[in-house]
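Student: Got a predicted model here, sequence first, then my questions.
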Amino acid sequence: MAVSVDPLVVGRVIGDVVDMFVPTVTTSIYYASKHVTNGCHVKPSIAINPPKVSIDGHPGHLYTLVMTDPDAPSPSEPSMREWVHWKGDTTIHGARPPVGIHRYIFVLFQQNGPMGTAVQPPASRANFNTRLFADHLNLGLPVATVYINAQKEPISRRR
């Protein structure tokens, strides 16, 4: 597979959110018509809407997708690491960083089978832990990960 984890190491995704893994599935993320790759900058005004996600996986396999922000509330003091934005269901919270440049991480796991009611909403979006989530559901290591960067957009000045 031609996918490399190097950008994930440089962007501190491996370490801050997930452990080292070997990508086995190709995942494509699109915001509007923009195909994003690791480290791409996406404006929050675009990322507020759910992305289109394409998984080039194996027929018949089931997957769980998690989206988190490991830089909440600020990259210099991420006391709420990780802030969950999307956890395998249809509840999606867009990227709206309050300050600084935030990384938004899409982590794809291959499921061992149907989850049923095993996946419960977290009590809080703050301090979510992707590793513990995967461990709790016996998902193992990720099969793909993509991350984007977003920074608060300036308010237009009216004169």
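Tutor: Received the coordinates, thanks.
Student: hmm, which helix or strand of this protein has the shakiest average pLDDT?
Tutor: Lowest on mean pLDDT, DSSP states H and E among the helices and strands of the chain sits strand 83-87, with a mean of 80.
Student: mind saving the C-alpha coords of it as CSV?
Tutor: Taking C-alpha atoms only, strand 83-87 is exported to CSV below (Å, rounded to 0.1, in the frame of the first residue of the first chain):
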residue,chain,number,x,y,z
TRP,A,83,-12.7,16.7,22.0
VAL,A,84,-14.9,14.2,20.1
HIS,A,85,-16.7,15.6,17.0
TRP,A,86,-17.9,12.4,15.3
LYS,A,87,-18.1,8.9,16.7
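Student: Numbering from 58 from now on, please.
Tutor: Got it, the first residue is 58 from now on, which makes the last one we talked about strand 140-144.
Student: Does anything pack onto the helix or strand just after that strand? Which helices or strands?
Tutor: Remark: after strand 140-144, the chain's next helix or strand is strand 158-167, criterion DSSP states H and E. Helices and strands touching strand 158-167, by 3 or more Cβ pairs under 8 Å, 6 or more residues apart in numbering; DSSP states H and E, are strand 83-88, strand 120-126, helix 187-193, strand 201-208. Every C-beta, even on glycine, is put in place using the N, C-alpha and C of the backbone.
Student: And residue 91, how far from residue 127?
Tutor: Noted for residue 91: a distance of 22 Å to residue 127, by Cβ to Cβ, to the nearest Å.
Student: Of those two, which one has the most company?
Tutor: Using other Cβ atoms under 10 Å, the more surrounded residue of residue 91 and residue 127 is residue 127, with 23 against 14.
Student: contacting residues around the more buried one?
Tutor: Contacts for residue 127 were tallied using Cβ atoms under 8 Å, 6 or more residues apart in numbering; they are 70, 73-74, 135, 138-140, 160, 162.
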